[in-house]
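> I'd like to go over a predicted model; first the sequence, then the structure.
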Amino acid sequence: MIDILLVNPRERRGFFEKMPPLGLASLAAVLESGSIGVAIADFEIEHEPLENLLNRGQPRFLGISGTTHTRFESYDLARRAKRHSPDIVVIYGGVHASFTGRETLTAVPEIDYVIRGEAERSLPALIAAKREGSDLRSIPGLVYRDDGGIKENKRSPRMDLESLPRPAYHLLNMKKYSLNMKFVKERGISLITSRGCLARCSFCSASRMFDHLVTTRTATTTVDMIEFLFREYGYSGIKVFDSTFTADRDHVISVCDEIVRRGLKFPWECEVRVGTVDRPLLETMRNAGCYYVDIGVESGNQKVLNLMRKGITVEEAEDTIRLCHDAGLKIKAFFSIGHIGENIADAEKTFELIERNRPMIDQIACGAGVRIYPGTYLEDYCQTNKLLPPDFSWTAPYEEKWLANIFQDTTVPILLQPQLGKAELESVVLRIYNQRFPGLRGFARGLGRMTEPGRLRKLPKFIQLKARDAMRRLKKP
């Protein structure tokens with residue numbers, strides 16, 4: 001028997017790469033250190049029914065993680081758990097839960113508690129309080145029902161990452177996790193060396209989730225973890241999944257120096273924020289094995305960058321691309337079209353920036369439509385300007401099938417504006433895919449890409465998109 005089962009719901013629409021649920025693994029390690037029996041079920045890779053797991057483990061508590069993309073799966077797991085074991089205590093956490101706690105408890109009676117923010121303090125305290133029958137008001141980050149209403153406690157202070165034990169990898173089936181590392185033939189795994197983000201982008205909740213602060217692990221702990229993953233599970237490459245690895249320059253340098261000091265040689269990838277790197281720092285990263293960087297440029301139009309609160313300039317973005325290229329790093333650049341106040345003419349500036357820098361960029365990730373997430377400035381903007389359906393709720397059923405036309409998740413709303421609506425975004429998608437897969441050869445190459453594992457869901461829409469473009473060209477005089 002165990003005290004608590006932690007579960008990660010399956011993301012059924014296949015929008016994200018499967019990797020270990022490191023948040024749950026960190027929680028599990030803290031619980032184990034407090035002699036609390038715990039197990040983890042990651043339904044991204046495991047297919048045993050929840051009911052079987054509850055029968056076998058007989059937990060008193062069920063902790064459900066999740067994202068905006070998996071919110072309905074999270075609610076379903078809670079309902080199934082209560083049908084199976086009415087007395088089980090269901091706790092919901094994660095980024096989505098952190099900004100929808102009151103709404104969730106109002107609409108989903110099967111969820112007993114929501115934890116906002118980091119849960120390493122809150123979850124053990126809640127388990128202890130339920131065991132002892134003590135007061136819940138002192139538990140940081142807790143949202144709960146009380147006297148017919150819903151109460152929200154103050155959020156937990158930020159965690160000192162160095163105080164946390166190593167994530168409980170032994171509770172995960174690590175053989176089933178392997179990340180695709182572009183350009184190198186290595187078996188990669190994800191790693192988090194810091195939490196938080198200093199930026200305040202309109203479309204992202206990461207900075208609010210972590211109180212606009214960045215906390216880091218020490219270089220010694222970070223590299224110890226890398227060696228552990230290589231030794232115990234046979235990995236040979238790392239993807240650093242920090243919101244922005246280069247947010248803390250001293251942290252980057254200390255990690256790189258520690259890798260070099262130990263004589264380790266392995267490829268790794270990370271995200272760099274525009275304006276946070278220079279040639280010496282990039283050379284330090286390169287000498288420590290970094291070979292590939294992700295850069296969130298988003299737009300080639302300064303007005304749009306300002307409106308999305310990106311905090312960078314177009315010139316800084318192009319300088320960062322050039323610096324990374326000159327340092328010998330491969331580059332993946334991210335662009336998105338459909339931001340607040342953007343129009344087709346603004347989007348043209350993004351395509352122009354892409355063309356100017358295409359020789360230096362190894363992979364371009366460009367999408368049409370900006371997703372609306374809870375806890376973001378964009379959500380507030382859409383509510384204020386009535387750009388969400390009047391009856392919209394994060395807990396109510398939502399399925400916008402048209403979103404599949406622009407290769408977006410049909411369960412997460414996007415920003416639609418009078419000057420950049422459905423027709424305009426479809427035209428943007430057509431242009432993106434025509435640039436990626438031009439002509440008949442491009443069509444054949446696109447078919448090949450769309451039939452790769454994880455991409456098959458896009459194949460019908462890709463064929464439809466290219467067919468519509470062909471018909472449009474035939475109609476031209």
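Ah, there it is.
> name the spans of the protein whose pLDDT lies under the cut-off.
Within the chain, the ranges that satisfy pLDDT under 70 run 13-16, 436-477.
> if we go to 80?
Applying pLDDT under 80 to the chain picks out residues 13-17, 434-477.
> can I see the domain layout of it?
The chain is divided into the following domains under automatic domain parsing: 4-152, 178-392+418-436.
> now the ones you listed in JSON lines, with distance to residue 167 and mean neighbour count?
(Glycine included, C-beta is placed from N, CA and C.) Below are the domains of the chain laid out as JSON lines (distance: least, CB to CB, whole Å; neighbours: other CB atoms under 10 Å):
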{"stretch": "domain 4-152", "distance to residue 167": "4", "mean neighbour count": "19"}
{"stretch": "domain 178-392+418-436", "distance to residue 167": "8", "mean neighbour count": "18"}
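> out of those, which is closest to residue 402?
Nearest of the domains of the chain to residue 402, taken as CB to CB: domain 178-392+418-436 at 6.3 Å.
> could you export stretch 373-384 as PDB, CA atoms only?
C-alpha atoms of stretch 373-384 as PDB (Å, rounded to 0.1, in the frame of the first residue of the first chain):
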ATOM      1  CA  TYR A 373      -3.600  30.500 -21.300                       C
ATOM      2  CA  PRO A 374      -4.900  31.200 -17.800                       C
ATOM      3  CA  GLY A 375      -2.800  33.600 -15.700                       C
ATOM      4  CA  THR A 376      -1.500  35.600 -18.700                       C
ATOM      5  CA  TYR A 377      -1.900  39.200 -19.700                       C
ATOM      6  CA  LEU A 378      -3.400  37.900 -22.900                       C
ATOM      7  CA  GLU A 379      -6.200  36.200 -21.000                       C
ATOM      8  CA  ASP A 380      -7.000  39.400 -19.200                       C
ATOM      9  CA  TYR A 381      -6.900  41.300 -22.500                       C
ATOM     10  CA  CYS A 382      -9.300  38.900 -24.200                       C
ATOM     11  CA  GLN A 383     -11.700  39.000 -21.300                       C
ATOM     12  CA  THR A 384     -11.700  42.800 -21.200                       C
END
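> just the residues contacting that stretch, thanks.
Applying CB atoms under 8 Å, 6 or more residues apart in numbering, the external contacts of stretch 373-384 come out as 68, 95-96, 98-100, 200, 202-205, 208-209, 309, 340, 370, 372, 387-388, 394, 412-413, 415.
> how near is residue 81 to residue 126?
Residue 81 sits at a distance of 16 Å from residue 126 (criterion: CB to CB, to the nearest Å).
> any chance of JSON lines for the domains of the chain, columns distance to residue 162?
Formatted as JSON lines, the domains of the chain follow (distance: least, CB to CB, whole Å):
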{"stretch": "domain 4-152", "distance to residue 162": "12"}
{"stretch": "domain 178-392+418-436", "distance to residue 162": "6"}
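> wait, which of these is closest to residue 398?
Nearest of those (CB to CB): domain 178-392+418-436, 7.2 Å.
> that closest one: how far from the chain's middle?
11 Å (CA atoms, centre = their mean, to the nearest Å).
> for the stretch 301-450 of the chain, which segments count as strands?
For the stretch 301-450 of the chain, the strands defined by DSSP state E, counting those that start in this stretch occupy 330-337, 363-368.
> closest to residue 234 out of those?
strand 330-337 (24.2 Å).
> can you list the strands that the closest one pairs with?
Counting by DSSP bridges, the strands paired with strand 330-337 are strand 290-298 (parallel), strand 363-368 (parallel).
> with distance to residue 39 as new columns, can the strands of the stretch 301-450 of the chain be given to me in JSON lines?
Shown next, in JSON lines, are the strands of the stretch 301-450 of the chain (distance: least, CB to CB, whole Å):
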{"stretch": "strand 330-337", "distance to residue 39": "36"}
{"stretch": "strand 363-368", "distance to residue 39": "36"}
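> A helix includes residue 253, no?
Yes. Using DSSP: H, G, I helix; E, B strand; the rest coil, the assignment for residue 253 is a helix.
> and the helices in the stretch 101-250 of the chain?
Taking DSSP state H, counting those that start in this stretch, the helices of the stretch 101-250 of the chain run over residues 101-107, 122-132, 206-209, 219-233, 249-261.
> residue 170 is nearest to which of those helices?
Nearest to residue 170 among those is helix 219-233 (8.7 Å), distances taken as CB to CB.
> let's see that closest one as CSV, backbone CA atoms only.
Output of helix 219-233 as CSV, limited to C-alpha atoms (Å, rounded to 0.1, in the frame of the first residue of the first chain):
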residue,chain,number,x,y,z
ALA,A,219,26.6,23.6,-10.8
THR,A,220,27.8,20.7,-8.6
THR,A,221,24.2,19.4,-8.1
THR,A,222,23.4,20.0,-11.8
VAL,A,223,26.3,18.1,-13.1
ASP,A,224,25.9,15.3,-10.5
MET,A,225,22.4,14.8,-11.9
ILE,A,226,23.7,14.6,-15.5
GLU,A,227,26.3,12.0,-14.5
PHE,A,228,23.6,10.1,-12.6
LEU,A,229,21.3,10.0,-15.6
PHE,A,230,24.1,8.9,-17.9
ARG,A,231,25.3,6.2,-15.5
GLU,A,232,22.0,4.8,-14.3
TYR,A,233,19.8,5.1,-17.5
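> still on that earlier bit, can I get the strands paired with strand 330-337 in a markdown table including distance to residue 50?
Below are these laid out as a markdown table (distance: least, CB to CB, whole Å):
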| stretch | distance to residue 50 |
| --- | --- |
| strand 290-298 | 34 |
| strand 363-368 | 33 |
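> wait, which of the ones you listed is closest to residue 353?
strand 290-298 (7.3 Å).
> picking up where we left off before, just put the helices of the stretch 101-250 of the chain in CSV and tack on distance to residue 22.
Formatted as CSV, the helices of the stretch 101-250 of the chain follow (distance: least, CB to CB, whole Å):
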stretch, distance to residue 22
helix 101-107, 22
helix 122-132, 15
helix 206-209, 15
helix 219-233, 11
helix 249-261, 17
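> and these: which comes nearest residue 193?
Residue 193 sits nearest to helix 219-233 of all those, at 4.8 Å, using CB to CB.
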